[in-house]
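1. Next come a sequence and a model predicted from it.
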Amino acid sequence: MRRTLLVPAALIVALAAGCAPTPVTAPTATPSETAAPSSTPTPTAEPIALPDCDTIYSDAVVASLTGEGRSPLGDVSGPGMGGWGTADDNIEAILSAIPERVSCTWVLPATESGSTTSIARLDEATRTTLIDAFTAAGYVVDGTLFEIEVDSEIGSYNETHILADGFWVGSYFSGGDSATLTGDALAQLLP
């Protein structure tokens, strides 16, 4: 006797569907799914580099200083060197704590006349501390410009400081005009 195996029809259809190839249709892209044309990434701006003492001033200011008989000493802002763009101890302490800075000194030999221009990169907290220090020390404030003239028993000097675009540019000048040095150094840094 022969036996017939009865397999339910649903199982046959399911098995056949699993074995038979299914047609593949290419998906169509909707307008929001279409690939955007590749774009060139926007280059990030390189941070402005601090100058060295050979490039802190324009040729015209260098000619003026040398024409007066002044000599450059370079960056003398290290500990005990005394070359800062300020004579105020509190402001000097702020400047000396800034890691990215340069201070360039010029002297008139055999005199007490000298100048130093300092440039430092500022963060917002240091900028606020500095503004408070300028105000407390009696600097004349005009926006981001801070100036002072001091007469003392050893002579007079003046200072001009500008805070601009994340930088502090300040000059101390005994026997000259600090505003000229500060303005020129700023123009070289941020043309």
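-> Arrived safely, thanks for sending. Residues are numbered from 1 along each chain as shown.
2. what residues does stretch 60-67 touch?
-> 57, 72, 106, 115, 180, 181, 184 (CB atoms under 8 Å, 6 or more residues apart in numbering). C-betas here are computed from N, CA, C, even on glycine.
3. Tell me where this structure is predicted with low confidence.
-> Low-confidence segments of the chain, defined by pLDDT under 70: 1-44, 78-82.
4. could you pull out the helices for it?
-> Secondary structure of the chain, counting by DSSP state H: helices at 9-19, 59-67, 89-96, 124-136, 178-189.
5. between the lengthiest strand in the chain and helix 89-96, how big is the angle?
-> In the chain, with assignment by DSSP state E, the single longest strand is strand 155-164. Angular relation of strand 155-164 and helix 89-96 on a 0 to 180 degree scale: 40 degrees, by axes from the mean of the first three to the mean of the last three CA atoms, to 10 degrees.
6. For strand 155-164, name the packing helices and strands.
-> Using 3 or more CB pairs under 8 Å, 6 or more residues apart in numbering; DSSP states H and E, the elements in contact with strand 155-164 are helix 124-136, strand 145-152, strand 167-174, helix 178-189.
7. same thing but at 6 Å, please
-> On a contact count with 3 or more CB pairs under 6 Å, 6 or more residues apart in numbering; DSSP states H and E, strand 155-164 meets strand 145-152, strand 167-174, helix 178-189.
8. Could I get those in CSV, plus columns for distance to residue 97?
-> Shown next, in CSV, are these (distance: least, CB to CB, whole Å):
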stretch, distance to residue 97
strand 145-152, 18
strand 167-174, 12
helix 178-189, 21
